[in-house]
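> Return atomic coordinates for the entry below.
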Amino acid sequence: MVEAITVMPVGVVRGGRAEAIDDDWGESVARIELDSSLFTHEALAGLADFSHLEVIFHFDRVPVAKIESGARHPRGRSDWPLVGIFAQRGKNRPNRLGLCTCRLVGVDGLTISVEGLDAIDGTPVLDIKPVMRGFLPRGDIREPAWASEIMASYW
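Reported below is the predicted structural model:
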């Protein structure tokens, strides 16, 4: 086995939603406030030139006892197939990591305003990356029907 990894948050989500509700995240507006003891405004230089960000965050409110390591029905719906935790994007993941591509609204000092971030108020942010076309998927994207259904009202 490999050694454990220690990751420190770079900031925290402020605003947006207070509860993790499955759908209607598209219009959620929030701020990511960087830790001023770790960063200066220079860390965000040039970020405002991008339209979208990838935000990696920690599902810190998922109790360890609720972490899934096998298979489950997405959202507990038995009409959707039993699939492994790595074949879905649920929050009860082994490392409780979330990843969201959201719209960048603005940058002010150490604060980043975003729209469509599916993380709740107080969520620790682990990393922020600009979306670049060169890193987008190449070729066609394939997904099962249930994945399209689960996302129909998500944004």
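
> Name all residues that make contact with Val114.
Contact analysis of Val114 by C-beta atoms under 8 Å, 6 or more residues apart in numbering lists Val29, Ala30, Arg31, Ile32, Leu53, Val55, Cys102, Arg103, Leu104, Val105. Using the backbone N, CA and C atoms, a C-beta is placed for each residue, glycine as well.

> if you set the cut-off to 7 Å instead, what comes out?
Applying C-beta atoms under 7 Å, 6 or more residues apart in numbering, we find Val114 in contact with Ala30, Ile32, Leu53, Cys102, Arg103, Leu104, Val105.

> wait, which of those is closest to Asp118?
If you rank the contacts of Val114 by distance to Asp118 using C-beta to C-beta, Cys102 comes first, at 7.9 Å.

> Now do the contacts for the closest one.
His52, Leu53, Val55, Val114, Glu115, Gly116, Leu117 are the contacts of Cys102 under C-beta under 7 Å, 6+ apart.

> Now with 6 Å, please.
With C-beta atoms under 6 Å, 6 or more residues apart in numbering as the criterion, the residues that contact Cys102 are Leu53, Val114, Gly116, Leu117.

> now, which of those lie within strands?
The members of the contacts of Cys102 that map onto strands under DSSP state E are Leu53, Val114.

> In its sheet, which strands sit next to the longest strand along the chain, and in what direction?
Scanning the chain for the longest strand, with DSSP E as the assignment, gives strand 97-108. With DSSP bridges as the test, strand 97-108 is paired with strand 52-58 (antiparallel), strand 111-115 (antiparallel).

> Same list, the ones you listed, but as CSV with distance to Glu3 and mean pLDDT please.
Listed next are the strands paired with strand 97-108 as CSV, based on distance: least, C-beta to C-beta, whole Å; pLDDT from 0 to 100:
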stretch, distance to Glu3, mean pLDDT
strand 52-58, 19, 98
strand 111-115, 31, 98
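
> Output those strands in CSV; the columns should cover distance to Asp127.
Below are these laid out as CSV (distance: least, C-beta to C-beta, whole Å):
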stretch, distance to Asp127
strand 52-58, 4
strand 111-115, 12
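
> Ok, which of these comes nearest Arg14?
Arg14 lies closest, by C-beta to C-beta, to one member of these: strand 111-115, at 8.1 Å.

> Let's see the closest one as PDB, backbone CA atoms only.
Provided in PDB are the C-alpha atoms of strand 111-115 (Å, rounded to 0.1, in the frame of the first residue of the first chain):
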ATOM      1  CA  THR A 111     -12.100  36.000  -3.000                       C
ATOM      2  CA  ILE A 112     -13.400  34.200  -6.000                       C
ATOM      3  CA  SER A 113     -17.100  34.500  -6.900                       C
ATOM      4  CA  VAL A 114     -18.600  31.500  -8.700                       C
ATOM      5  CA  GLU A 115     -21.900  30.200 -10.000                       C
END
